[in-house]
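In: build me a model:
(one chain, ligands or ions: 1)
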Amino acid sequence: MENYERLEEIGKGSYGSVYKIRRKSDNQILVWKELDYGRMTEREKSQVVQEVNILSQLNHPNIVKYFDKIVDKEQKKIYIIMEYCENGDMAQLIKKCKTERDHVAEDVVWKIFVQIILALKECHNRKEGKVLHRDLKPGNVFFDIGNNVKLGDFGLSRILSQESEYAHTNVGTPYYMSPEQINEAQYNEKTDIWSSGCVLYEIIALRPPFEASNHLALAQKIIGGKIERIPERYSEDLQNVIEWMLSTEPEKRPSVNELSDIPKIKLRMKERE
Ligand SMILES: CNC(=O)c1c(C)[nH]c(/C=C2\C(=O)Nc3ccc(Cl)cc32)c1C
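Out: Below you'll find the predicted structure:
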């Protein structure tokens with residue numbers, strides 16, 4: 001703790017607050033997610049261990065970098081130290097576009113989309129067992145100083161060990177919940193594909209693809225599978241990939257590898273190599 005100076009609170013992650021901090025040794029600006037495990041159930045505690053374990057193993061330019069963790073036994077707090085993303089999260093970008101009645105240019109949408117796919121590829125194609133993020137939403141997609149996309153907050157993530165191909169605990173934010181999660185069926189990496197389709201839709205339409213005033217009506221819309229076309233200014237290509245990702249049946253959704261073969265995505269992935 002003494003190695004860092006805590007600066008202002010900048011956000012609320014799952015289970016705790018995110019603070020901007022300064023590492024005294026080199027004045028590097030980082031963040032820590034402060035978690036009060038004193039009030040956590042055993043399950044929640046093991047989830048935190050899982051989060052730190054997963055984050056420390058994932059090393060990719062489009063996933064927030066994990067640096068260290070500090071456990072304060074007296075205060076019963078754990079601090080997860082990660083990289084600072086100067087330009088905040090995508091929820092703020094969407095809010096800004098809405099207030100300024102502005103739209104995200106199609107080219108920027110593809111750039112963001114490609115980086116989310118690259119981050120998901122790192123998670124889903126991991127040889128030690130695919131990692132499901134499970135809580136993809138605009139509030140968990142961050143931008144660094146260069147506006148590079150950083151997938152963050154693996155607070156609800158899960159490593160799918162080889163044998164158990166499916167997970168079944170029900171978590172995640174209602175808006176972005178997939179049909180299979182609502183049906184309490186089993187789900188796998190295609191659930192992340194669904195929620196990244198929701199995120200992509202929201203960057204474009206500046207609202208989630210499925211909205212309702214209560215969970216039941218929302219669930220009916222999500223299972224109903226009707227999606228309003230994205231604004232006319234955006235291409236058929238974009239509309240088609242979103243519809244593909246938001247297929248009600250998980251098997252019909254593309255994998256990260258199938259998404260990588262879409263010409264407009266393949267092209268931009270090559271540019272980033
Ligand atoms: C108003 N808050 C912000 O603009 C903001 C900024 C400048 N950074 C953040 C958040 C993070 C940040 O900067 N790095 C992070 C690493 C992991 C997680 Cl879960 C969150 C962050 C936020 C929410």
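In: separation between residue 149 and the ligand?
Out: Look at residue 149 and the ligand: by Cβ to the nearest ligand atom, to the nearest Å, they are 12 Å apart. Glycine gets a C-beta too; all of them are placed from N, C-alpha and C.
In: cool, residue 87 as well?
Out: 7 Å.
In: report how many residues lie close to residue 7.
Out: 13 (other Cβ atoms under 10 Å).
In: what does the host helix or strand of it rub up against?
Out: Following DSSP states H and E, one finds residue 7 within strand 4-12. With Cβ atoms under 8 Å, 6 or more residues apart in numbering as the test, strand 4-12 has contacts from 17-24, 29-32, 81, 88-89.
In: same check on stretch 235-246?
Out: 106, 109-110, 113, 193-194, 196-198, 200-201, 204, 209, 225, 227, 229-230, 252-254, 259, 262, 264-265.
In: repeat the analysis, applying 6 Å as the threshold.
Out: With Cβ atoms under 6 Å, 6 or more residues apart in numbering as the contact definition, stretch 235-246 has outside contacts at 193, 197, 200, 201, 227, 230, 253, 254, 264.
In: same question, stretch 66-74
Out: 52, 55, 56, 78, 79, 80, 81, 82.
In: near the ligand, which of the residues you listed show up?
Out: Among these, the residues lying close to the ligand (Cβ under 6 Å from any ligand atom) are residue 82.
In: out of the contacts of stretch 66-74, which is most surrounded?
Out: residue 80 (26 neighbours).
In: doesn't that residue belong to a strand?
Out: Yes - checked against DSSP: H, G, I helix; E, B strand; the rest coil, residue 80 lies within a strand.
In: residues contacting it?
Out: 33, 52, 69.
In: nearest to the ligand among those?
Out: For these, the residue nearest the ligand by Cβ to the nearest ligand atom is residue 33; the value is 5.5 Å.
In: and the contacts of strand 4-12, which is closest to the ligand?
Out: Nearest to the ligand out of these is residue 88 (Cβ to the nearest ligand atom; 2.9 Å).
In: number of nearby residues for the closest one?
Out: Neighbour number of residue 88 under other Cβ under 10 Å is 14.
In: show me where this structure has its strands.
Out: With strands called from DSSP state E, the chain shows them at 4-12, 16-23, 28-36, 66-72, 77-83, 131-132, 141-143, 149-151, 158-159.
In: among those, which gets the worst mean confidence?
Out: The weakest mean pLDDT among these belongs to strand 158-159, with a mean of 70.
In: what about the spatially most central residue of the chain, distance to residue 119?
Out: With distances taken as Cα atoms, centre = their mean, residue 136 lies nearest the centre of the chain, 3.2 Å away. Residue 136 sits 10 Å away from residue 119, going by Cβ to Cβ, to the nearest Å.
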